[in-house]
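**Student:** pasting the sequence and the predicted model now:
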Amino acid sequence: MISSAMQMSLFLMTILSSLQFLPVSSFEYQIGGNEGWVVPPANDTGIYNDWASENRFQVGDTVRFRYRKDSVMEVSVEDYKKCNSSHPNFFSNTGNDVVHLNRSGSFYFMSGVSGHCEKGQRMIVKVVSSDQENDSGGEKSAAASPSALVLSFGVFKAVLTQLVMSHVASYVFF
């Protein structure tokens, strides 16, 4: 008969081995934090681009825009520079939009409400692929890094696996 400690160890090993199949590869960013997607103050028109440049967006991540009486659109670089809202690649005015960052490169977002883009309600999101991230060697803070969370999870999994294996070994060999 198998002891309860051995059963628990086998159960934990089963759980740990199945964790490798869980994809932990994306992160959702909330644009504007608690304030949401709003026209920035006149003295801080670069607030969205400053925020975006402090984050590392990867393919598979999403950005959520929450707003009232406004809209969000993704446009070409030319339209972004001119605050031209006549030919968006994406447009929504639901007040709660999630945009999937499905490719590497730059995404250009702006408000579709007349005059808001000119007042700074626009943002460039630069998305890197995992290959670019690994090649760049750039440092990221754990707070702003979904990859750091994945790495932490991987380290946790490795340590927990080691503990379980040593626990099992003590029952099997001693």
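**Tutor:** Arrived safely.
**Student:** residue ranges of the strands in this structure, please?
**Tutor:** Secondary structure of the chain (DSSP state E): strands at 28-31, 57-58, 62-66, 72-75, 90-92, 96-100, 105-110, 122-128.
**Student:** closest one to Lys81 among those strands?
**Tutor:** Nearest to Lys81, of all these, is strand 105-110, at 8.7 Å by C-beta to C-beta. Placement of C-beta: from N, CA and C, glycine included.
**Student:** got the angle for that closest one vs strand 96-100?
**Tutor:** Orientation check (axes from the mean of the first three to the mean of the last three C-alpha atoms, to 10 degrees): strand 105-110 against strand 96-100 gives 160 degrees.
**Student:** next, the angle strand 122-128 makes with strand 105-110.
**Tutor:** 160 degrees.
**Student:** what's strand 105-110 in contact with?
**Tutor:** Here strand 105-110 makes contact (C-beta atoms under 8 Å, 6 or more residues apart in numbering) with 48, 63, 65, 72-77, 79-80, 83, 85, 99, 101, 116-117, 121-127.
**Student:** parallel or antiparallel, list what pairs with it.
**Tutor:** strand 72-75 (antiparallel), strand 122-128 (antiparallel) (DSSP bridges).
**Student:** since we're on Asn93, how many residues are nearby?
**Tutor:** Asn93 has 14 neighbours, counted by other C-beta atoms under 10 Å.
**Student:** for it, give me its contacts.
**Tutor:** Counted by C-beta under 8 Å, 6+ apart, Asn93 has contacts Asp70, Ser71, Val72, Gly112.
**Student:** break down the chain into its helices, ranges please.
**Tutor:** Applying DSSP state H to the chain gives helices spanning 4-19, 47-53, 77-82, 130-136, 146-173.
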